[in-house]
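Colleague: sequence isn't available, so here's the structure alone:
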């Protein structure tokens, strides 16, 4: 059977038994929304269940438990049904089919209600080809930025961004661009380029240095009416009102100009192509053009400066009286398998126990983080006390979203008043606070026990391996929950008053994973984060948008 159908069958068994959790119901909705075969299977199983009920109503003996399938008992032979019953049977089946189709549609609408389709278009660069294979877009990558100030009409870029054909303009600073053909270009501002393809661009103004290995031979730059074609080399170009200055540091380049013979420039040659069409030889000056090694040194120096500034800010930040828990991940020396708390609560020790997760480089070269890769990786902690509003904040580097639920911070049992914070495989931030326990009795026992607030999908393939700041605020007074990505509001939603929780608590919980470790059964669902976490904070208050932005601005690498 299709794995999705096996999963759906198991979930429906729990549903029929009355033991399916709210998260399980959400998973049923996800499967039905995404898989046409699953919707057909769902309808079929409900039809067969109805057939069994009709058998029983007709006075026929149902099969034993051992004879049943996990979801539904096959209908008995039609020979056992009388003529009148057959009429009722098929009428009931027809009605049930309609109900099931409507049910599937309701599931789809409910799971989609919190997603803004316009926002999805803006943030998700994952597409599908005609054969269903995932695709993306771009011709180059931003691999380093040092002291860059962007033009007012240029959308700010970050390291790791994929670039599509179009304008690139900076006021000052240095940007390293790696074209998909293999050429690396360092652009020094002020500069303006038009990126044209995986192997070329037009330079309007500015200075750049290109390194073109043999595999990228043929990379070209357009300079006014001149086309420079690289033959496997390293060269510099400077565009100004006086003309195009070309310097060949290694190898050779071809220069093509309409109406003139092709010119070949080799190692050590330099010259200016003036506006009147003449060429003037010049002395080569490689020191005027920043190389890759020097840029890397400057980038490390800039990173170290930002790290030291963050350490100063963090020392003040951890004195905020609203902090319930704060882990800076900045311990020096041997961590001794403990995640040391950066604050100490009056009620006792807040240090976390590291299980499996490995220490890795954090947002800066001098800083640490924890990597969660294996299904058992986690940080165990106990946070006592009762609170009202909450804010959860962390820096996370996601390698992939290959689990249904990718844990950020989850309480063990998900009891009344406890929060769950995670990322779905759809790329949506998930937050909820338990409204009442599973063992509730009486007429309200079947009501929803929490309200899930889902953000629009924020994940796109180009974000893989990049440090992101995620935050969620829960205002127990107003009922408003807000999700933030890199300091900007991603989604906000009001929780229905009947599901609003006024008193929150945490107790036993895990960073980067979730199970019920006190259960005797050793089997557990795989919900660990596939990535790394660096700096984690919980506040007993709903922080303002300005405060979330401040955390991001001081912490961004």
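Modeller: Alright, I've got the coordinates. Remember, predicted model here, so these are calculated numbers, not experimental data.
Colleague: which pLDDT value goes with residue 418?
Modeller: Predicted confidence (pLDDT) for residue 418: 94.
Colleague: next one: the one 10 residues further on
Modeller: Reading off the confidence values, residue 428 has pLDDT 95.
Colleague: bridging residues for the residue nearest to it when sequence neighbours are not counted?
Modeller: Excluding the flanking residues, the one nearest residue 428 by C-beta to C-beta, 6 or more residues apart in numbering is residue 454, at 4.7 Å. Every C-beta, even on glycine, is put in place using the N, C-alpha and C of the backbone. Note on residue 454: beta-bridge partners by DSSP bridges are residue 430.
Colleague: now do residue 454 against residue 227, distance only.
Modeller: Residue 454 is 51 Å from residue 227, where distance means C-beta to C-beta, to the nearest Å.
Colleague: what about these two, which has more around it?
Modeller: Between residue 454 and residue 227, counting by other C-beta atoms under 10 Å, residue 454 is the more crowded of the two (21 against 17).
Colleague: wait, that one touches residue 432, no?
Modeller: No: in this structure, residue 454 is not within contact of residue 432 by C-beta atoms under 8 Å, at 9.4 Å.
Colleague: what is residue 239 paired to in the beta sheet?
Modeller: Going by DSSP bridges, residue 239 forms beta bridges with residue 206, residue 244.
Colleague: tell me, how many residues neighbour it?
Modeller: By the criterion of other C-beta under 10 Å, residue 239 has 22 neighbours.
Colleague: show me what contacts it?
Modeller: Taking C-beta atoms under 8 Å, 6 or more residues apart in numbering as the criterion, residue 239 is in contact with 203, 204, 205, 206, 207, 223, 224, 245.
Colleague: most neighbours, which of those?
Modeller: Neighbour max across the contacts of residue 239 (other C-beta under 10 Å) = residue 203, 23 neighbours.
Colleague: chain neighbours aside, what residue packs nearest to that one?
Modeller: In space, residue 203 is closest to residue 239, 5.0 Å off (C-beta to C-beta, 6+ apart).
Colleague: also residue 411?
Modeller: residue 418 (3.9 Å).
Colleague: okay, strands next: where are they in the stretch 151-300 of the chain?
Modeller: Per DSSP state E, counting those that start in this stretch, the stretch 151-300 of the chain carries strands over the ranges 162-163, 166-179, 184-197, 200-212, 220-223, 226-230, 233-240, 243-250, 252-256, 263-266, 270-274, 279-281.
Colleague: how far is the first one from where the chain is centred?
Modeller: Pointing back at strand 162-163 there. How far strand 162-163 lies from its chain's middle: 17 Å, per C-alpha atoms, centre = their mean, to the nearest Å.
Colleague: start the count at 18 instead of 1 going forward.
Modeller: In the new count, where the first residue is 18, that last one comes out as strand 179-180.
Colleague: other SSEs contacting it?
Modeller: Judged by 3 or more C-beta pairs under 8 Å, 6 or more residues apart in numbering; DSSP states H and E, strand 179-180 is in contact with strand 157-167.
Colleague: ok, and what's touching the strand it packs on?
Modeller: 173-180, 186-197, 201, 206, 212, 215, 312-313, 315-316, 319.
Colleague: what residues sit buried inside it?
Modeller: Neighbour counts over strand 157-167 (16 or more other C-beta atoms under 10 Å) mark 157, 158, 159, 160, 161, 162, 163, 165, 167 as buried.
Colleague: tell me how far the fourth one lies from residue 167.
Modeller: Distance of residue 160 to residue 167, given as C-beta to C-beta: 17 Å.
Colleague: ok, now the first one?
Modeller: Here residue 157 is placed at a distance of 17 Å from residue 167 (C-beta to C-beta).
Colleague: now do the second one
Modeller: Distance of residue 158 to residue 167, computed by C-beta to C-beta: 17 Å.
Colleague: thinking again about what came up before, go through the contacts of residue 256 and name the one nearest residue 487.
Modeller: residue 223 (35.7 Å; C-beta to C-beta).
Colleague: that closest one reaches residue 211, doesn't it?
Modeller: No: shown here, residue 223 and residue 211 do not form a contact pair, counting by C-beta under 8 Å, at 11.9 Å.
Colleague: low-confidence ranges, the stretch 318-467 of the chain, go.
Modeller: Residues of the stretch 318-467 of the chain meeting the criterion pLDDT under 70: 362-365, 454-465.
Colleague: sorry, wrong one. I was asking about the chain.
Modeller: Applying pLDDT under 70 to the chain flags the ranges 18-20, 22-23, 27, 30-40, 60-153, 362-365, 454-465, 532-541.
Colleague: distance between the strand or helix carrying residue 396 and the chain's centre?
Modeller: Element membership for residue 396, per DSSP states H and E: strand 395-404. Strand 395-404 has its C-alpha centroid displaced from the chain centroid by 25 Å (C-alpha atoms, centre = their mean).
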